[in-house]
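Participant: Give the three-dimensional model of this entry:
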Amino acid sequence: MAEQKTISLNDNTYITKIEQDLLSILLCNKTVFSEYFDEIKADDFYEPIHKQIFSAMSKIKEDGKTVDLTILSEYFSQHVDAQFNEWKNTLLVLDANYSGNDVIADYIDVIKCASIKRQIDQLCNKITTNEWPFTEFDQNLTKFYSEFNEIIWNNNRKYNDLISPNEAINQLEKMRNRNSDKICNVVPIGIKTVDDMLHEGGMNKGGVYVLAAPPGTGKTAFALNVIQHESELLLSEDYTNRKTPIILLFSLEMTVIELAQRMISLIANKPFKDLDSSNNEFDKQRFNTAKKIFSSYPLKIFPGQDINVMEVRKNINIISKSNDLKLVIIDHLHIMSGTSPKQNEYEKISEITNMIRQIAKDYNIPILLLCQLDKSATKTGTTEQITMANLRGSGTIAQDANSIFILQEKNKQSDENKTESRFITFKIEKQRAGKKGSVQLHFYGPTYKFTQIQEKTN
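Facilitator: Now for the predicted structure:
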């Protein structure tokens with residue numbers, strides 16, 4: 001730069017002025033235009049009107065015409081709404097702004113650096129909000145590392161608020177690998193507004209987390225969403241020279257085939273029956289990709305209706321010897337067998353929840369335990385709030401659980417009137433190390449997908 005000063009890439013007013021200077025030079029100096037135009041692209045600009053002007057300049061250049069203010073004004077008159085006057089004012093500013101200062105490499109450098117910084121900020125935001133799958137992390141990180149080196153660190157200029165590529169990668173790797181003790185001890189649900197309510201952002205090792213809901217509200221689907229999110233996290237981590245991570249699902253109600261079909265629908269974000277019957281090539285590819293992703297998940301399913309808590313412990317013991325057991329899900333509590341046929345319902349539930357709590361502690365794993373509600377909470381059309389008191393065997397469940405989650409529709413619908421897209425309240429009824437709270441979620445039944453729709457409410 002002709003004027004020596006510290007450059008701030010966070011100063012949008014300054015970046016806007018630099019963009020104006022660059023566009024003025026490109027428009028008014030044909031020699032500079034021919035030499036430097038291809039070194040920058042429209043997406044590098046911060047201001048939308050500057051993106052639009054540069055895109056128009058590119059189109060005029062592609063058409064073999066000379067790019068100047070007159071031609072550019074004619075182009076905008078023909079292609080932009082006449083009532084949109086911002087481009088007129090901006091072109092006047094660009095015309096008056098040209099001073100003959102042609103240190104254009106500096107301008108391009110600042111604009112591209114600011115663009116890369118915005119992209120890095122967006123990348124960090126996507127990671128922290130779980131916006132895109134962690135399976136794409138390495139590809140995106142490599143791209144940004146390359147651009148950092150090429151654009152910023154291969155020149156002699158310094159920027160006071162732009163972190164180095166290595167520092168950026170270290171920050172992102174920490175978020176991805178979850179190497180801190182706090183994060184390693186937690187299995188997130190995978191829905192940001194839900195995790196924000198949970199102590200340390202997820203289900204802690206050694207804890208029992210009860211998920212209760214009326215039939216058809218999405219208990220199993222919610223558990224599958226947790227499995228999908230945790231599987232993607234685990235697949236993104238490097239387990240070289242370490243035990244293989246694994247998630248255990250004890251499915252006492254659904255078969256392996258039923259669960260696989262639901263997981264494939266969830267991964268593909270399209271109903272299984274539509275994927276399975278489609279002759280569309282795109283759907284076939286989508287179907288095959290989803291099956292391949294599901295087959296890569298570190299998930300082991302134990303099906304069967306006649307499983308008791310001793311068998312659960314036995315299988316966990318066997319698996320944990322050769323694997324890094326991350327999460328156990330039991331679907332669901334009230335189908336499990338007791339250790340004695342002479343036990344009544346209360347005795348059976350009391351024994352099971354007590355032993356499950358001990359298993360979680362002994363093996364230092366979080367256990368997500370699905371369970372049923374009493375009859376009063378399962379009536380169609382009920383508007384009453386479901387509480388811990390509605391859990392079947394609620395006394396012992398509430399005592400042994402670290403946290404109790406409840407899913408509830410505002411007005412429960414009968415099966416024949418049930419809509420595909422519904423709003424479900426996720427409520428924390430108990431949390432030993434945190435507060436109670438609730439959040440609205442969107443549930444799309446055909447793909448078994450839960451997503452957040454608003455911030456939490458207390």
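Participant: what's the average pLDDT for stretch 74-84?
Facilitator: Averaged across stretch 74-84, pLDDT comes to 66.
Participant: before we move on, what about stretch 42-56?
Facilitator: Here stretch 42-56 scores 87 as its mean pLDDT.
Participant: got the contact list for Gln372?
Facilitator: Ala212, Pro215, His332, Leu333, His334, Leu391, Arg392 (C-beta atoms under 8 Å, 6 or more residues apart in numbering). Using the backbone N, CA and C atoms, a C-beta is placed for each residue, glycine as well.
Participant: Name the weakest-confidence residue in these, if you would.
Facilitator: Minimum pLDDT for the contacts of Gln372 is recorded at Arg392 (68).
Participant: Enumerate the positions of the longest strand seen in the chain that are buried.
Facilitator: The longest strand of the chain (DSSP state E) is strand 421-431. Buried residues in strand 421-431, defined by neighbour count with 16 or more other C-beta atoms under 10 Å: Arg422, Ile424, Thr425, Phe426, Lys427, Ile428, Glu429, Lys430, Gln431.
Participant: got a list of contacts for stretch 421-431?
Facilitator: Contacts of stretch 421-431 with the rest of the structure, by C-beta under 8 Å, 6+ apart, involve 191, 194, 197-199, 217-218, 386-388, 398, 401-410, 413, 434-445, 450, 453.
Participant: Buried among those? Make that a PyMOL selection.
Facilitator: Only the buried entries of the contacts of stretch 421-431 go into this PyMOL selection, using 16+ other C-beta under 10 Å:
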select buried, resi 191+194+197+198+199+217+218+386+387+388+398+401+402+403+404+405+406+407+408+409+437+438+439+440+441+443+444+450
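Participant: Out of the contacts of stretch 421-431, which sit inside strands?
Facilitator: Mapping the contacts of stretch 421-431 onto strands (DSSP E) picks out 403-409, 437-444, 450.
Participant: between those, which is closest to Glu345?
Facilitator: Distance to Glu345 across the ones in strands among the contacts of stretch 421-431 (C-beta to C-beta) is lowest for Ile404, with 18.8 Å.
Participant: Can you lay out the contacts of Gln372 as a markdown table showing secondary structure and distance to Ser236?
Facilitator: Putting these into a markdown table (DSSP: H, G, I helix; E, B strand; the rest coil; distance: C-beta to C-beta, whole Å) gives the following:
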| residue | secondary structure | distance to Ser236 |
| --- | --- | --- |
| Ala212 | strand | 31 |
| Pro215 | coil | 35 |
| His332 | coil | 30 |
| Leu333 | helix | 32 |
| His334 | helix | 35 |
| Leu391 | strand | 36 |
| Arg392 | coil | 38 |
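Participant: Including distance to Val186 and neighbour count, could the residues you listed go into TSV?
Facilitator: Below are these laid out as TSV (distance: C-beta to C-beta, whole Å; neighbours: other C-beta atoms under 10 Å):
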residue	distance to Val186	neighbour count
Ala212	22	29
Pro215	30	10
His332	23	21
Leu333	23	24
His334	28	17
Leu391	25	26
Arg392	29	17
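Participant: can you list the residues you listed in CSV and add distance to Leu224?
Facilitator: Listed next are the contacts of Gln372 as CSV, based on distance: C-beta to C-beta, whole Å:
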residue, distance to Leu224
Ala212, 17
Pro215, 16
His332, 13
Leu333, 18
His334, 19
Leu391, 22
Arg392, 23
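Participant: Closest one of those to Thr31?
Facilitator: Using C-beta to C-beta, Ala212 comes nearest to Thr31 of those, at 73.2 Å.
Participant: which residues does that closest one contact?
Facilitator: Residues counted as contacts of Ala212 (C-beta under 8 Å, 6+ apart) are Lys219, Leu370, Cys371, Gln372, Leu373, Ile386, Asn390, Leu391, Ile404, Phe405, Ile406, Leu407.
Participant: one more time with 10 Å, if that's ok
Facilitator: Applying C-beta atoms under 10 Å, 6 or more residues apart in numbering, we find Ala212 in contact with 219, 332-333, 369-373, 377, 386, 388, 390-392, 394, 397, 401, 404-408, 427, 429.
Participant: What separation do you get for Asp38 and Arg432?
Facilitator: 61 Å (C-beta to C-beta, to the nearest Å).
Participant: should've said Pro446
Facilitator: With distances taken as C-beta to C-beta, Pro446 is found 36 Å from Arg432.
Participant: Settle it for me: which of these two has more neighbours?
Facilitator: Set Pro446 next to Arg432 and count neighbours by other C-beta atoms under 10 Å: Pro446 wins out with 14 against 10.
Participant: Help me confirm that the more buried one comes into contact with Ala268.
Facilitator: No - the criterion here is C-beta atoms under 10 Å, and Pro446 misses it with Ala268 at 11.1 Å.
Participant: just checking, Lys300 is part of a helix?
Facilitator: No - counting by DSSP: H, G, I helix; E, B strand; the rest coil, Lys300 is located in no helix; its state is strand.
Participant: so how many other residues sit close to it?
Facilitator: 14.
Participant: cool, Lys292 as well?
Facilitator: Number of residues near Lys292 (other C-beta under 10 Å) recorded here: 10.
Participant: cool, Pro341 as well?
Facilitator: Counted with other C-beta under 10 Å, Pro341 comes out at 7.
Participant: Please apply the same query to the one 3 residues further on.
Facilitator: Asn344: 9 surrounding residues under other C-beta under 10 Å.
Participant: all strands of the protein, in order?
Facilitator: Using DSSP E, strands in the chain cover 186-187, 203-204, 208-212, 244-251, 299-303, 323-331, 367-371, 403-409, 421-431, 437-444, 449-452.
Participant: Next, the distance between the ends of stretch 227-243.
Facilitator: 19 Å (C-alpha to C-alpha, to the nearest Å).
Participant: How about stretch 205-215?
Facilitator: 28 Å.
Participant: buried stuff in that stretch?
Facilitator: Lys205, Gly206, Gly207, Val208, Tyr209, Val210, Leu211, Ala212, Ala213, Pro214.
Participant: what would these look like in CSV with distance to Ala114?
Facilitator: Putting those into CSV (distance: C-beta to C-beta, whole Å) gives the following:
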residue, distance to Ala114
Lys205, 43
Gly206, 47
Gly207, 45
Val208, 49
Tyr209, 44
Val210, 49
Leu211, 46
Ala212, 50
Ala213, 48
Pro214, 52
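Participant: Show me which helix or strand of the protein is least confident by mean pLDDT.
Facilitator: helix 181-184 (a mean of 47; mean pLDDT, DSSP states H and E).
Participant: Okay, angle between the longest strand of the chain and strand 437-444 too, please.
Facilitator: 150 degrees (axes from the mean of the first three to the mean of the last three C-alpha atoms, to 10 degrees).
Participant: Just checking: what are the partner strands of strand 421-431?
Facilitator: The sheet places strand 421-431 alongside strand 403-409 (antiparallel), strand 437-444 (antiparallel), with pairing taken from DSSP bridges.
Participant: Specify the angle between that strand and strand 208-212 in degrees.
Facilitator: Using the same axes, to 10 degrees: strand 421-431 against strand 208-212 is 140 degrees.
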